[in-house]
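Chemist: This is the structure alone, sequence omitted:
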């Protein structure tokens, strides 16, 4: 992997859910990401207590923030996950990316990302201990 695109990824909490709402909907204030698109609103928010449905865990690249003109940063994270058939949902900021994967694929995603050259850290910044 290109050393420029090797990143330090931090697992963020809480777990998240994804929703798609109609344009007229008014999402509650607990959203993390809100995107308005032609088909409606896409909302990423924290899981609420006792909520069912698919849960996602986030890998955040903020520790290796980058300018918008640095090519390949998101691809360096998403490509190995795609090659391992791990679904992703991505939200990007000006200098970092939040890559969500289904919670049940967390361990596999950590292994794949580490094998691709990334460092994966737990929420507190300590190295994540993957069982590989």
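Modeler: Looks like it arrived, so ask away. On a predicted model such as this, the values are computed, not experimentally measured, just so you know.

Chemist: okay, which residue is most central for the chain?
Modeler: residue 99 (1.8 Å; Cα atoms, centre = their mean).

Chemist: quick check, that one in a helix?
Modeler: No - counting by DSSP: H, G, I helix; E, B strand; the rest coil, residue 99 is located in no helix; its state is strand.

Chemist: For it, list the residues it contacts.
Modeler: Neighbour list for residue 99: 9, 58-61, 74, 77-78, 81, 88-90 [criterion: Cβ atoms under 8 Å, 6 or more residues apart in numbering]. No exception for glycine: its C-beta is placed from N, CA and C like everyone else's.

Chemist: Buried among those residues? Make that a ChimeraX selection.
Modeler: Here is the ChimeraX selection string for the buried members of the contacts of residue 99, based on 16 or more other Cβ atoms under 10 Å:
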select :9,58,59,60,61,74,77,81,88,89
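
Chemist: Turn the contacts of residue 99 into CSV, including distance to residue 42 and pLDDT.
Modeler: Output for those, formatted as CSV (distance: Cβ to Cβ, whole Å; pLDDT from 0 to 100):
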residue, distance to residue 42, pLDDT
9, 22, 95
58, 15, 96
59, 19, 97
60, 18, 94
61, 20, 91
74, 17, 92
77, 20, 96
78, 17, 97
81, 19, 98
88, 14, 98
89, 9, 97
90, 11, 97
